[in-house]
Structures are given as C-alpha cells and as structure tokens.
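A.B. asks: heads up, no residue letters with this:
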Ligand code: C5P
C-alpha cells in the first residue's frame, strides 16, 4: 500500500491543567493535534478545550459517546460552539445512533470528523462472548467498521494491527486513527498490541495517537519531532 499522509496526535492524558498547558507550550511549534479525553474533559470541561484550541492546536475530543440516538445526537449538537475537529462515538451504539450523530454533526459542524470506536482493545474473545458477541474480536471489528461507514461515519479508531484488514474493506477515504503506537525500542507501558510509527503509517494510518512516549520524554518536543520524522 502506498504511504498516506499520516499525522501525529498527542494524547494529553495528564491529571492537572497547568502542567498540561506547560507541556503544550513546549510542543507548540511541532504539534498540530491534541487529544483531550475523559480525564481532562471531566475535570476541566469545555473551557479547557477552548484554552487548548486558542493556543493554536486542533482538538480531538475523545468522549466515546454511547446512548440512545436522540441523546447522542443532542450531545453532538451541544458541542456546536466548541472548536473541535474530531469526536468519538461507540460503533456498538448501532446504525440508528451513528446515523443520528452523523446527521447532527453535518448540521452543526460539517467539518467535524466523527470517529467510530469499534471493539475496545481491552476485549479478548472470552470477554466479548460474555457480552453475547460470538465473533472473534477481529470479525467484530470488521462488522462494526462496515456498519459505522454505512451509517455515515467518515472515520474510525482502530488498533494498528487492524489497519491492513480494514483498508481492504473500507472506502479509501475513510480516516483511520490508531493508538497503541510505540517508537522502536521504547517502553511499551501496558500497551500490548503495538506498532512503530513508521509501520503504522506504512499500513495506512491517517493519524497516530501517542501519549506517554512524548509526555514522559526528557525532551517532549524532540520526541514529537522524532516521531513526526518517522511518519513523514
Ligand atoms: O500513552 P499512550 O500512547 O499509551 O496513550 C494512548 C492513548 O490512546 C490513550 O489516551 C488511550 O486511552 C488511547 N487508546 C488506546 N487504545 C485504544 C483506544 C484508545 O491506547 N484501543
């Protein structure tokens, strides 16, 4: 597969606002995208999102929404004034929920890339079976990915190990966003199914999400630049 344009997203998983903002200050010249997840959003809310956006970063709001269609669509509409470029919802919420969310996004924020989360990587086959899903995680991911695209989503979050299979079955323009990335030789932390930045880009990732390898680096800007050079 020919290499696509692949970008770095920093997973801003930090417990405290001021240290997060000073981390971003260090990365200002090198980084375009920041992922704000539940930890920081629940603690600091929409104002924190605005503050990060006002520093010039593009925002991926990782809230993994999952509720009845009307509630999720209303939640998407309520983000109308928030400067975000990506938002996650759970593909397991089904066609009606994803279509409602996609419709709400088209009306209120047409540039918003709504991303479907398929199977959480913490699931194995036994865990899925306990929830009544009798497919392997890989089969379930493919099923939900097709359903998500069919329901109007233009992107998905997936494991880098699923890139090849998904690139074969999804429209080429579908954006694939992959966490579980570790620079060669780096600490894997608790991530098990990992891939290097260069290989993820090679296999068709549009955006790689990296947290601790940058946040815990002695020189975060240098770590980010090194990763960007590997995917460019
Ligand atoms: O620090 P690290 O690079 O492992 O951070 C990865 C980010 O991607 C975290 O915010 C984590 O919640 C998220 N994520 C993940 N694996 C998934 C989905 C999301 O690591 N399957």
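C.D. replies: Received it, and whenever you're ready, just let me know what you need. Because the structure is a prediction, the values reported are computed rather than measured.
A.B. asks: tell me which helix or strand of the chain sits lowest on mean pLDDT?
C.D. replies: Across the helices and strands of the chain, mean pLDDT, DSSP states H and E gives its lowest value to helix 125-130, namely a mean of 93.
A.B. asks: what's next to it, contact-wise?
C.D. replies: By C-beta atoms under 8 Å, 6 or more residues apart in numbering, the residues outside helix 125-130 that reach it are 119, 134-137, 140. C-betas here are computed from N, CA, C, even on glycine.
A.B. asks: and stretch 108-125, is it in reach of the ligand?
C.D. replies: Yes: contact of stretch 108-125 with the ligand is found when judged by C-beta under 6 Å from any ligand atom, involving 120-121.
A.B. asks: list the buried residues for that stretch?
C.D. replies: 109, 112-119, 121, 123 (16 or more other C-beta atoms under 10 Å).
A.B. asks: between the residues you listed, which sits nearest residue 98?
C.D. replies: residue 116 (6.5 Å; C-beta to C-beta).
A.B. asks: so what's the closest one bridging to?
C.D. replies: Residue 116 forms beta bridges with residue 89, residue 156, as assigned by DSSP bridges.
A.B. asks: got the contact list for it?
C.D. replies: Per C-beta under 8 Å, 6+ apart, neighbours of residue 116: 88-91, 98, 144-145, 148, 153, 155-157.
A.B. asks: can you list the residues of the protein near the ligand?
C.D. replies: Counting by C-beta under 6 Å from any ligand atom, the chain sits next to the ligand at 11, 13, 37, 120-121, 157, 159, 179-180, 189, 191, 209-212.
A.B. asks: what do you get if the cut-off is 8 Å, keeping everything else the same?
C.D. replies: Applying C-beta under 8 Å from any ligand atom, we find that the chain lies next to the ligand at 11, 13, 35, 37, 62, 117, 120-122, 157-159, 179-182, 189-191, 209-215.
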